[in-house]
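# Quick one: sequence plus predicted model below, questions after.
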Protein chains: 2
Amino acid sequence: MSENNDAKHIIILGGGFAGLWAAKELSKHDEYKVTVIDRNNYHLFQPLLYQVASAGLEPEQITYPLRGTFRKMLNVEFRMAEVTGLDLNKRVLLSDVGSIPYDGLIIALGSVTSYFGVPGADEFAFSLKSAEEAIDIRNHILSCFEYAQHETDPAIREQLLTFVIVGGGPTGTEYAGALSELANTSLRRDFRGLEKDTVKIMLIEGEDGPLNGYPEKLRGYAKKRLKKLGVHGYYNQHVVQVEADKVTLKSGEVIPTRTVLWTAGVRGNKVAEKMGVPLGRAYRIITNPNLQLTDHPEVFVAGDMALPMDGDRMLVAPTIAPNAIQQGTLVAKNLINHFAGKELTSFSYHDKGSLATIGRSSAVVHLGKLNITGFFAWITWLIIHILYLIGFRNRVIVLINWAAEYICFERGVRLILPKAKDTIPHGKADEYEASSTEGSALNNRSVKEK
Amino acid sequence: MSENNDAKHIIILGGGFAGLWAAKELSKHDEYKVTVIDRNNYHLFQPLLYQVASAGLEPEQITYPLRGTFRKMLNVEFRMAEVTGLDLNKRVLLSDVGSIPYDGLIIALGSVTSYFGVPGADEFAFSLKSAEEAIDIRNHILSCFEYAQHETDPAIREQLLTFVIVGGGPTGTEYAGALSELANTSLRRDFRGLEKDTVKIMLIEGEDGPLNGYPEKLRGYAKKRLKKLGVHGYYNQHVVQVEADKVTLKSGEVIPTRTVLWTAGVRGNKVAEKMGVPLGRAYRIITNPNLQLTDHPEVFVAGDMALPMDGDRMLVAPTIAPNAIQQGTLVAKNLINHFAGKELTSFSYHDKGSLATIGRSSAVVHLGKLNITGFFAWITWLIIHILYLIGFRNRVIVLINWAAEYICFERGVRLILPKAKDTIPHGKADEYEASSTEGSALNNRSVKEK
């Protein structure tokens, strides 16, 4: 801890990509005392969260203790706390462990899932934004297979083995591919007599194919790959209602299912509404082009929460890790310049490219003018993800998991752990035939409650 | 699946060591159809559970999907279900997924923690018998360190940083060593300004030292090692009461603490009480020397639940993995002999030795006439545990974790995950000084609720 008592105190809210890169930048300037606040004691590598939800990786391998990261940053402290509000005028942060005064503030609390007001979605659909949610989804899906084995009612069995993914962005696309592979490799070996066509994976997307915004060549490839993996693409289609045992599409079609994963949209962290800050589209915080609050120049916003506006024009700022890293670094520099009375730099997103994997040996990569697909794109995807993962041990273990998966066509983390007692509450059963997979009836089972 | 419809149906309750080894044995005989039932979809390697509770290993690495194990045992099926009772006369198992008829039954549901009726122990002490419990303890201990950092009241801070382990058997001894190393290596680097003497680890044991039953030389070594690791040994001492913020000893001494881990005793799984089977000491099921129910010769018991009696004499059967493996194999053979009308073999425990590790590079191993301590004992301990661990991937990753721990003096899994919201409910806080570890007051915090 710096002993400089005149040091200005900077609070960084959030230990995600934006907060972490801001802290890295500020750690070079020991005239500042920095406190990073997060509700979790770890950094979560969100780009691989879908692999936890598909039993490919352990949650421990895509998380890293924040205190470990800050050990060598001597002017940076960590506090595990939940942000509850803000007093912008008094420059005091409110949290569940008390109020904390600051000289400068960086808000980088990320986004949460947005259900766009679709009835039932908030209540019945799963979201994939936290480690807990990823574990919940994994446990739920594995439980669906377990319960389907006991089930005699074919209608309920169909609900249990139909998985609906809403949103064909990178998360939805990558998850659809991973889930299809989980079902068709490991789980088909685990559950004898499980027919290939019994398990249905649906991808519902409002545009005419997956990966909207990617070059057409890559989108075409992704669409073809998903089809080959057995994913049923419902394109130009919207969900209008989610219920405990079905999803209704705009076309009127009804899909019976107990599992809906909603990846169709994000909005700013809800705590922003308690902060007295100006909110814009998708509940993001409106900033000037320097990512600064106009009325409170000592407050900056970075990552998914920031909505930089140049007058009426929104600046391009996608809700992805590279953007959060760029903004996190920039707000730290701007904060320092602000206190030094120097000119600030306005934000402009450097598109370093985009990439997504669609199952085994297959990915799409868009880097500058380069558009590649297939095996080499997949290797590129692997390398980039390993490099950005924090922690040497994590990198080694993730590589081992991927190698095992590649060689053995196997997903190692097929564990319902911790036991999710209420995910699929099951009703009374009748007779059970030990020799048959068409065992007893399990009726009146309801889906997860939020 | 065997197509033999005349095949007798054997149910094995429990996928622990006893159940798994019984299934292995029965898989060689496809004249039997076997159904293994467990409430979890994985086998848990309990001997390393304490390493999960001390942030050294991921829970995923000491668990293995049972369906993966049974893939190649074509006459063995798995069902995830909770056993609710038994109709011994009708030969029907009752479960939460229905009733299942059997021809032969093997009961191997293991043990749970026994608190010997000590007031408050059941309510306030942690138990270390399941993956969930190990994760809970890890999360709780890491949270105690986090909250201690906010804490200004020195009395509460002391409670938060005092950890009491009740029972100096192998689990308590190994855990005391591991916890001391976690606190003194990783966590002292994570929490700047944490003084060595601030964290107290107490081991309370009724006998005159740890590892009762081990040769005296090994016990002396273990006692010395624990002392060197800073563990406060309270020997010839008993706990008479556990409360939310303290433990009272028989001597009258009161230890302020929010963390009590109870490893002092086990008893048979509570479902035995609903089975109509004869129960003996520690609620174990009384069997004849063949591990068979006298009144129901088609029912066998193996592992921690079995209490084999030769008349009034209890046969030696310690509640450890090697015994469960021996009994699991034997009951399968006896069951086959029973149906074949052949003579059964009575159980006799082959003591293959005992071993325990006490922190880094240090263990005690008792094998036949061989008593070794120190580094070579530790290597022996490592090799044996790796060999019994199921799954090649698990072995590799555990080895990597241990290597990283050994080389870097680091525990990798310092993650509060899933977030245990209610483990340490925290009250209202006052002011917070960002520059001080003596931050705000967090009062009225209570310990975990069961």
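Yep, that arrived.
# contacts and neighbour counts: CA atoms only from here.
Noted.
# how about the residues of the stretch 251-400 of chain A near chain B?
Counting by Cα under 8 Å from any Cα of the partner chain, the residues of the stretch 251-400 of chain A close to chain B are A:R393, A:I397, A:I400.
# now, which of these sits nearest A:L57?
A:I397 (9.1 Å; Cα to Cα).
# Could I get the full set of helices for chain A?
A:17-26, A:49-53, A:66-70, A:121-124, A:131-150, A:154-160, A:170-184, A:186-190, A:216-228, A:321-339, A:375-388, A:392-408 (DSSP state H).
# Tabulate those in JSON lines, adding columns for mean pLDDT.
Listed next are the helices of chain A as JSON lines, based on pLDDT from 0 to 100:
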{"stretch": "helix A:17-26", "mean pLDDT": "98"}
{"stretch": "helix A:49-53", "mean pLDDT": "96"}
{"stretch": "helix A:66-70", "mean pLDDT": "96"}
{"stretch": "helix A:121-124", "mean pLDDT": "96"}
{"stretch": "helix A:131-150", "mean pLDDT": "95"}
{"stretch": "helix A:154-160", "mean pLDDT": "96"}
{"stretch": "helix A:170-184", "mean pLDDT": "96"}
{"stretch": "helix A:186-190", "mean pLDDT": "94"}
{"stretch": "helix A:216-228", "mean pLDDT": "97"}
{"stretch": "helix A:321-339", "mean pLDDT": "97"}
{"stretch": "helix A:375-388", "mean pLDDT": "94"}
{"stretch": "helix A:392-408", "mean pLDDT": "88"}
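# coming back round to it: if you rank the residues of the stretch 251-400 of chain A next to chain B by neighbours, which is first?
Greatest neighbour count in those, by other Cα atoms under 10 Å in any protein chain shown, goes to A:I397: 22 neighbours.
# Spit out the contact partners of the residue minimising distance to the centre of chain A.
Centroid-nearest residue in chain A: A:K129, 3.7 Å away (criterion: Cα atoms, centre = their mean). Contacts for A:K129 (Cα atoms under 8 Å, 6 or more residues apart in numbering or on different chains) come out as A:Q46, A:L49, A:V112, A:T113.
# swap the cut-off to 10 Å and go again
Residues in contact with A:K129 (Cα atoms under 10 Å, 6 or more residues apart in numbering or on different chains) are A:L44, A:Q46, A:P47, A:L49, A:Y50, A:G110, A:S111, A:V112, A:T113, A:T263, A:V266.
# cool, and A:C408?
Going by Cα under 10 Å, 6+ apart, A:C408 touches A:T185, A:S186, A:W402.
# List of residues touching stretch A:394-404?
For stretch A:394-404, the surrounding residues in contact (Cα under 10 Å, 6+ apart) are A:56-58, A:60-64, A:360, A:382-383, A:385-389, A:392-393, A:405-413, B:392-394, B:396-398, B:400-401, B:412.
# Please pick the buried ones from these.
Applying 16 or more other Cα atoms under 10 Å in any protein chain shown to these, the neighbour count classes A:56-58, A:60-64, A:360, A:382, A:385-386, A:389, A:393, A:405, A:409-413, B:393-394, B:397-398, B:401, B:412 as buried.
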